[in-house]
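Student: Structure, please.
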Amino acid sequence: MPSPNDTRWITHRGGCHCGRVRFEVDAPAGIDALECNCSICRMTGYLHLIVPASRFRLLSGAEDLGEYVFNTGVARHRFCRHCGIKPFYVPRSHPDGIDVNVRCLDPGTVTSLNIAAFDDRNRDGATAAVAHLSKA
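Tutor: Residues are numbered from 1 along each chain as shown. The predicted model follows:
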């Protein structure tokens with residue numbers, strides 16, 4: 001049985017609810033995710049896995065994606081136009097990376113999940129603490 005701190009890198013696959021949007025992401029088998037308390041993340045229940053863009057691959061559904069942008073316009077919230085699920089996006093805190101919704105990963109590859117808080121009320125400090133996540 002893998003340890004809770006399993007850092008083996010594997011390819012996780014996932015997608016939206018209807019299956020039109022599919023992706024894969026290279027990340028540890030044991031995932032350290034962030035739970036943000038900003039309005040959009042809180043309302044959608046998003047669990048963040050931030051990775052360098054080079055470790056993310058969109059496999060299908062590019063034409064099925066819509067985009068929602070608000071406030072500063074930096075974050076690019078991508079969602080399936082058919083089922084409404086947001087499986088990944090470009091985050092404001094890491095515009096050079098991709099943020100995958102851990103809840104959209106297919107079952108079977110995640111060996112453990114640790115969730116840490118990301119306090120949007122202290123965005124600068126919270127962002128600085130996880131700045132390394134989108135670096136290759």
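
Student: tell me the contacts of the nearest residue in space to Asp96 that is not next to it in sequence?
Tutor: Spatial nearest neighbour of Asp96, excluding adjacent residues (C-beta to C-beta, 6 or more residues apart in numbering): Ser134 at 5.2 Å. Any C-beta I mention is one placed from the backbone N, CA and C, and that applies to glycine too. Contacts for Ser134 (C-beta atoms under 8 Å, 6 or more residues apart in numbering) come out as Ile50, Val51, Pro52, Ala53, His94, Asp96, Gly97, Ile98.

Student: So the residue nearest the centre of the chain versus Gly14, what's the distance?
Tutor: A centroid search over the chain (C-alpha atoms, centre = their mean) returns Val100, at 1.8 Å, as the residue closest to the centre. Between Val100 and Gly14 the distance, using C-beta to C-beta, to the nearest Å, works out to 7 Å.

Student: just checking, Arg103 touches Thr44?
Tutor: No - judged on C-beta atoms under 8 Å, Arg103 makes no contact with Thr44 at a distance of 9.4 Å.

Student: Export stretch 25-42 to CSV, keeping only CA atoms.
Tutor: What follows is stretch 25-42 as a C-alpha-only set of coordinates in CSV (Å, rounded to 0.1, in the frame of the first residue of the first chain):
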residue,chain,number,x,y,z
VAL,A,25,-1.7,15.8,-16.2
ASP,A,26,1.6,14.6,-14.8
ALA,A,27,1.6,14.9,-11.0
PRO,A,28,2.5,12.9,-7.9
ALA,A,29,0.3,9.9,-7.1
GLY,A,30,-0.2,11.5,-3.7
ILE,A,31,-1.8,14.9,-4.3
ASP,A,32,-1.5,18.0,-2.3
ALA,A,33,-4.5,20.1,-3.2
LEU,A,34,-5.6,23.6,-2.3
GLU,A,35,-9.0,24.7,-1.3
CYS,A,36,-9.6,28.4,-1.9
ASN,A,37,-12.2,30.5,-0.1
CYS,A,38,-12.8,33.0,-2.9
SER,A,39,-16.4,33.4,-4.2
ILE,A,40,-16.0,31.3,-7.4
CYS,A,41,-14.0,28.4,-5.8
ARG,A,42,-16.2,28.3,-2.8
